[in-house]
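1. A predicted structure for the sequence below; I have some questions about it.
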There are 2 protein chains.
Amino acid sequence: MGPMGDMTEPRWLTDEEQRTWRAYLHATTLLEDHLDRQLQRDAGMPHVYYGLLVQLSQAPRRRLRMTELARSAKITRSRLSHAIARLEKNGWVVRENCPSDKRGQFARLTDDGMDVLRRTAPGHVTAVRQAMFDRLSPEQMTQLGEIMRVMAEGLEPSGPDADLPWLR
Amino acid sequence: MGPMGDMTEPRWLTDEEQRTWRAYLHATTLLEDHLDRQLQRDAGMPHVYYGLLVQLSQAPRRRLRMTELARSAKITRSRLSHAIARLEKNGWVVRENCPSDKRGQFARLTDDGMDVLRRTAPGHVTAVRQAMFDRLSPEQMTQLGEIMRVMAEGLEPSGPDADLPWLR
DNA sequence: GACTCGTTCTTGAAAGTTGAACTACATAGG
DNA sequence: CCTATGTAGTTCAACTTTCAAGAACGAGTC
């Protein structure tokens, strides 16, 4: 019997799988910490908030419905509500009512928000480059893209019982 | 002139780099959310806390110095202090004084903590498998390991001015 | 219309994290 | 010994995230 007592023995990770998993955790944790710090220093907001501004900047009329924005950022609507409230205080985003659905809200990027983005984007790109693309070979970059797409797909099932953040 | 005004034009990401970066953000965000939720439900703690118990379970005498634990978990000592305080309340960890350095503290995994780990490890391994190893080919797993090691290395420079979480 | 059910988004409290300040001890140099 | 400087860990306040409601509207049915 294994560590599970009377349950069936689970398939543990092999040594190489464990090493890969550890490396994944280390790299992702360090990178997120690094970017959070870089952006907090240079842009005055955490990485997730910055990502929201980026999404908005690329949307038509620089605005998105809340749920849509939550979906593209992979976060819950609750989290987004708080985040937008904070960004609105900074004057980087404003809320707008949706005419076709009175429950709906748009988040729109203001000119000030666009300015912050313009000012800080180069530094951020540099940080991402230094951490990732400057270190990987072109083959590795392609491989990483493929791998991450496979993982992301598996994590957002299309079924009606899917537990996705922006549907919670 | 570029978006930087009078500054030198930064090297923006190519289309493929952007796609890879997006995929990376999506996959890592979704996975962290998924594991946090799985462990909160099944083990009553977030993923990082679970990782701390795992580290302790593999250390000699099931204990580690605070800073050492912070280093292996890639987090700040402040964050660790709070986390250990919470885990101590649950009875899964105890603090012990270090005899050779009166400033030092050990965090030691209790038997209860070990039990929680034994109970919940199989479910966690399954979750990790389903998200990652069941979807990747053996080649991809090897590639991912290599890539993550390269990134992690770049993010923990050895210099004396390195801004690493556990030194803050 | 009235009723039900689902969707959209927000709120408030609890939990977790961060950064700076702080205590206590260690180490090195005079 | 004494002082200066560094290290180990904690604490406080401000901030962010989560979770469990809840308010408001839409859509379908009778």
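-> Structure received.
2. Pick out the residue closest to the middle of chain A.
-> Nearest to the geometric centre of chain A sits A:Ala73, at 4.8 Å (C-alpha atoms, centre = their mean).
3. Surely it touches A:Leu80?
-> Yes. If you go by C-beta atoms under 8 Å, A:Ala73 and A:Leu80 touch, sitting 7.1 Å apart. Every C-beta, even on glycine, is put in place using the N, C-alpha and C of the backbone.
4. Common neighbours of those two, please.
-> A:Leu52 (C-beta atoms under 8 Å, 6 or more residues apart in numbering or on different chains).
5. circling back: give me the pLDDT for the residue nearest to the centre of chain A.
-> Per-residue pLDDT puts A:Ala73 at 98.
6. Ok, A:Gly5 next?
-> Note for A:Gly5: predicted pLDDT of 53.
7. ok, now the one 5 residues further on?
-> pLDDT recorded at A:Pro10 is 78.
8. One more: the one 4 residues further on?
-> A:Thr14 carries a pLDDT score of 97 in this model.
9. Same question for the one 5 residues further on.
-> Per-residue pLDDT puts A:Arg19 at 98.
10. show me what contacts it?
-> Contacts for A:Arg19 were tallied using C-beta under 8 Å, 6+ apart; they are B:Gly145.
11. What strand or helix carries it?
-> helix A:15-43 (DSSP states H and E).
12. All the strands of chain A, residue numbers only.
-> With DSSP state E as the criterion, chain A has strands at A:63-65, A:93-97, A:105-109.
13. could the ones you listed go into CSV alongside distance to chain B and mean neighbour count?
-> Shown next, in CSV, are the strands of chain A (distance: least, C-beta to the nearest C-beta, whole Å; neighbours: other C-beta atoms under 10 Å in any protein chain shown):
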stretch, distance to chain B, mean neighbour count
strand A:63-65, 16, 19
strand A:93-97, 20, 16
strand A:105-109, 15, 22
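14. Let me have the ones you listed in a markdown table, extended by distance to DNA strand D and mean pLDDT.
-> Below are the strands of chain A laid out as a markdown table (distance: least, C-beta to the nearest atom of the strand, whole Å; pLDDT from 0 to 100):
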| stretch | distance to DNA strand D | mean pLDDT |
| --- | --- | --- |
| strand A:63-65 | 13 | 98 |
| strand A:93-97 | 10 | 98 |
| strand A:105-109 | 11 | 98 |
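15. what does chain A put close to DNA strand D?
-> When proximity is defined as C-beta under 7 Å from any atom of the strand, chain A approaches DNA strand D at A:45-46, A:48-49, A:75-76, A:78-79, A:82-83, A:86, A:101-103.
16. how about a cut-off of 10 Å?
-> Along chain A, the residues adjacent to DNA strand D under the rule C-beta under 10 Å from any atom of the strand are A:36, A:40, A:44-49, A:51-52, A:75-83, A:85-87, A:89-90, A:97-104, A:163, A:165, A:168.
17. Just give me the neighbour total for A:Pro138.
-> When neighbours are counted by other C-beta atoms under 10 Å in any protein chain shown, A:Pro138 registers 9.
18. Over to the one 5 residues further on?
-> Here the count is done by other C-beta under 10 Å, and A:Gln143 has 20 residues near it.
19. which residues touch it?
-> With contacts defined as C-beta under 8 Å, 6+ apart, the neighbours of A:Gln143 are B:140, B:143-144, B:147.
20. Just the closest of these to chain A, please.
-> Using C-beta to the nearest C-beta, the shortest approach to chain A within the contacts of A:Gln143 belongs to B:Gln143, at 4.5 Å.
21. Now do the closest one, the pLDDT please.
-> Looking at B:Gln143, its pLDDT stands at 98.
22. coming back round to it: columns distance to B:Arg119 on top of the contacts of A:Gln143, output as TSV?
-> Listed next are the contacts of A:Gln143 as TSV, based on distance: C-beta to C-beta, whole Å:
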residue	distance to B:Arg119
B:Gln140	31
B:Gln143	34
B:Leu144	29
B:Ile147	33
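23. now for those residues, which pair is the farthest apart?
-> Farthest pair in the contacts of A:Gln143 (C-beta to C-beta) is B:Gln140 and B:Ile147. Separation: 10.1 Å.
24. Counting neighbours, go ahead and name the busier of the two.
-> Higher neighbour count among B:Gln140 and B:Ile147: B:Ile147, with 23 against 19, using other C-beta under 10 Å.
25. Where do the helices of chain A begin and end?
-> For chain A, applying DSSP state H gives helices covering A:15-43, A:47-58, A:66-73, A:77-89, A:111-128, A:138-155.
26. To B:Pro122, which of those lies closest?
-> Among those, helix A:15-43 comes nearest to B:Pro122, with 14.9 Å by C-beta to C-beta.
27. and the gap between A:Arg41 and chain B?
-> A:Arg41 sits 10 Å away from chain B, going by C-beta to the nearest C-beta, to the nearest Å.
28. Distance-wise, check that residue relative to A:Leu35.
-> Distance from A:Arg41 to A:Leu35, counting by C-beta to C-beta, to the nearest Å: 11 Å.
29. list residues touching both of the two?
-> Overlap of the contact sets of A:Arg41 and A:Leu35 (by C-beta under 8 Å, 6+ apart) is empty.
30. These two: who's more crowded?
-> Shown here are A:Arg41 and A:Leu35; by other C-beta under 10 Å, A:Leu35 has more neighbours (20 against 10).
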